[in-house]
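>>> The amino acid sequence is not available; the structure is as follows:
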Ligand code: TRP
């Protein structure tokens, strides 16, 4: 199969574009808030360093070795039983589930671009009411913005991602970083700043349950786009001269730094404004607008820029959630990109609509199963179950199915033998054992 190749920086940009998304700025702060702060952050950081980075390298390696869609990758790389291993490639379908609720949140962000341009709520209470009102009552508005997010994403993927999206990333990622840094320096002057730091970095172990651990591990996968073949799909387009280890480290560092900065900013504002840390999915929408409002029309501008940049960070991730399945369908079934997207889009549309309705007071009873709304079910099943499970599959495949020699030959240029041995041990034993332990502990206890 012919696959276009990234430039060296193109790969890092695309992978960072995928990794840095709503997971960093929307999800990380609110999960941290709900899970009591520091202990959650510490488990998350530990998982990223030990498990996340190793798996990232493993996915890059598989993509580069096979340069194909995920199903063909497992099928052809397996020394034997390729006809069974190919099913491992189906981990890509977790992306469709994630995309369905991800697009709803991008829809909220688009709506907040509009709110930012017109009238910002001036107090945290009012901001809470604005957000809550939108999510629980505004069916039509949310549906329209979900559609906008949906069609932008589909349009970009139809076009192929390398041209337009790379350029968009190149402008908007730096913009997002500049805005976040500006907010960060402002946050250091706030009275809530030191409280935010101790909330985020001083662990309170009494808050830790097996759910906390599972969520922190799941989120480490989510934030690095691991466990469902995104990084594999992008790595199929790696240029041969990319140092894959250095590229993986760069992406992990950028991703983690952005999440931590976003967390510090948001909690400084939250504590200064006297809002609730466990504010749930509305956290970023409720904590920031009142602060922006204090700056008058300059604040409106700042707020628009923030939500635009956040929206684009989201779009570049959304694209990466659907690209692996498109690669699979065009490659294995000879479908055009457009036709693949009609099928995948159809599924996303139905699931997304159900998730949206599950937040609406009037309709939630129809889309609540076992006491949980469909939006939460999609989020929990994909991030906390499917991604860790996909990670285990990848680790077992690289550590136990591929020959060690083969793996070594793909990595030896980029690592010393000692580092390789450490990495290999992590892939072979630590990841399968630790991640299964976390999942089993949650499911049975
Ligand atoms: N990493 C993105 C975020 O943090 C979301 C994402 C994109 C993703 N592609 C993925 C998550 C693949 C898991 C798997 O917002």
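Ah, there it is. Note that the coordinates shown come from a computational prediction; the quantities given were computed from them, not determined experimentally. Residues are numbered from 1 along each chain as shown.
>>> what number of residues lie near the residue in the chain positioned nearest to the ligand?
Residue of the chain nearest the ligand, by CB to the nearest ligand atom: residue 23 (2.1 Å). Every C-beta, even on glycine, is put in place using the N, C-alpha and C of the backbone. When neighbours are defined as other CB atoms under 10 Å, residue 23 has 26 of them.
>>> Contact partners for it?
219, 222, 223, 259, 317 (CB atoms under 8 Å, 6 or more residues apart in numbering).
>>> in what helix or strand does the first one lie?
Residue 219 is part of helix 210-223 when elements are defined by DSSP states H and E.
>>> so what secondary structure elements neighbour the very next helix or strand once past that helix?
For helix 210-223, the succeeding helix or strand toward the C-terminus, using DSSP H and E, is helix 230-235. Judged by 3 or more CB pairs under 8 Å, 6 or more residues apart in numbering; DSSP states H and E, the packing partners of helix 230-235 are helix 8-19, helix 53-66, helix 70-77, helix 296-333.
>>> can you redo the ones you listed as a markdown table with mean pLDDT?
Formatted as a markdown table, the helices and strands packed on helix 230-235 follow (pLDDT from 0 to 100):
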| stretch | mean pLDDT |
| --- | --- |
| helix 8-19 | 87 |
| helix 53-66 | 97 |
| helix 70-77 | 97 |
| helix 296-333 | 90 |
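>>> Just name the most buried of those helices.
Highest mean neighbour count among those (mean count of other CB atoms under 10 Å): helix 53-66, with a mean of 24.
>>> Is any residue of that one near the ligand?
No: using CB under 6 Å from any ligand atom, no contact is recorded between helix 53-66 and the ligand, whose separation bottoms out at 10.1 Å.
>>> now what about that helix, what contacts it?
Outside helix 53-66, the residues touching it (CB under 8 Å, 6+ apart) are 72-73, 76-77, 221, 224, 226-227, 229, 231-236, 238, 244-245, 247-249, 251-252, 391, 394-395, 397-398, 406-407, 410-411, 423, 426-427, 430-431.
>>> just the buried members of the residues you listed?
Applying 16 or more other CB atoms under 10 Å to the contacts of helix 53-66, the neighbour count classes 72-73, 77, 221, 224, 226-227, 229, 231-236, 238, 244-245, 247-248, 251-252, 391, 394-395, 397-398, 407, 410-411, 423, 426-427, 430-431 as buried.
>>> now residue 180, nearest residue through space, not along the chain?
Nearest non-adjacent residue to residue 180, counting by CB to CB, 6 or more residues apart in numbering: residue 261, 5.2 Å away.
>>> and the angle for the strand or helix carrying the one you found with helix 53-66?
Per DSSP H and E, residue 261 falls inside helix 244-272. Helix 244-272 runs at 140 degrees relative to helix 53-66, counting by axes from the mean of the first three to the mean of the last three CA atoms, to 10 degrees.
>>> Now for this structure, the helix or strand with the poorest mean pLDDT.
helix 162-188 (a mean of 80; mean pLDDT, DSSP states H and E).
>>> quick one on the thing from earlier: tell me the buried residues in the helix holding residue 261?
Neighbour-count burial for helix 244-272 [16+ other CB under 10 Å]: 244-245, 247-248, 251-252, 254-256, 258-272.
>>> Checking residue 5 next. Helix, strand or coil?
Under the three-state scheme (DSSP: H, G, I helix; E, B strand; the rest coil), residue 5 adopts coil.
>>> That one contacts residue 239, correct?
Yes: at 5.1 Å, residue 5 counts as touching residue 239 under the criterion of CB atoms under 8 Å.
>>> can you give me the angle the helix or strand containing residue 433 makes with helix 53-66?
Taking DSSP H and E as the criterion, residue 433 maps to helix 431-444. Computed by the same axes, to 10 degrees, the angle separating helix 431-444 from helix 53-66 equals 120 degrees.
>>> Show me which residues of the protein sit near the ligand.
18-19, 21-24, 95, 98, 222-223, 225, 228, 230, 317, 320-321, 387.
>>> Repeat the analysis, applying 8 Å as the threshold.
Counting by CB under 8 Å from any ligand atom, the chain comes close to the ligand at 18-24, 26-27, 94-95, 98, 102, 221-231, 255, 313-314, 317-318, 320-321, 382-383, 387.
>>> before we move on, the earlier item: tell me the helices and strands packed up against the helix holding residue 261.
Using 3+ CB pairs under 8 Å, 6+ apart as the test, helix 244-272 ends up in contact with helix 8-19, helix 28-34, helix 53-66, helix 162-188, helix 193-201, helix 210-223, helix 283-293.
>>> any low-confidence regions in the stretch 101-250 of the chain?
Low-confidence segments of the stretch 101-250 of the chain (pLDDT under 70): 160-168.
>>> in stretch 145-154, what's buried?
For stretch 145-154, using 16+ other CB under 10 Å, the buried residues are 145, 146, 148, 149, 150, 152, 153, 154.
>>> Make TSV from those residues and add secondary structure and distance to residue 366 to it.
TSV is the format used below for the buried residues of stretch 145-154 (DSSP: H, G, I helix; E, B strand; the rest coil; distance: CB to CB, whole Å):
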residue	secondary structure	distance to residue 366
145	helix	22
146	helix	18
148	helix	25
149	helix	23
150	helix	22
152	helix	28
153	helix	26
154	helix	27
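>>> Isn't residue 439 up against residue 213?
No: using CB under 8 Å, residue 439 is not in contact with residue 213, being 9.9 Å away.
>>> what's the burial count for residue 403?
9.
>>> Report the separation between it and residue 61.
13 Å (CB to CB, to the nearest Å).
>>> With residue 218 instead?
The separation that residue 218 has from residue 61, given CB to CB, amounts to 23 Å.
>>> Ok, residue 297 next?
51 Å.
>>> What's the separation between residue 266 and residue 233?
For residue 266, the distance to residue 233 - CB to CB - is 31 Å.
>>> I meant to write residue 184 there.
Residue 184 is 33 Å from residue 233, by CB to CB.
>>> ok, now residue 256?
22 Å.
>>> next one: residue 102
17 Å.
>>> Then residue 250?
Note on residue 250: its distance to residue 233, by CB to CB, is 19 Å.
>>> do residue 368 as well
Residue 368 is 34 Å from residue 233, by CB to CB.
>>> contacts for stretch 257-267?
Under CB under 8 Å, 6+ apart, the answer for stretch 257-267 is 20, 23-25, 28-29, 32-33, 41, 176-177, 180-181, 183-184, 187, 192-193, 195-197, 199-200, 223, 277, 283-284, 287-288.
>>> Is it possible to mark the buried ones in these?
Members of those classed as buried by 16+ other CB under 10 Å are 20, 23-25, 28-29, 32-33, 41, 176-177, 180, 183-184, 187, 192-193, 195-197, 199-200, 223, 277, 283-284, 287-288.
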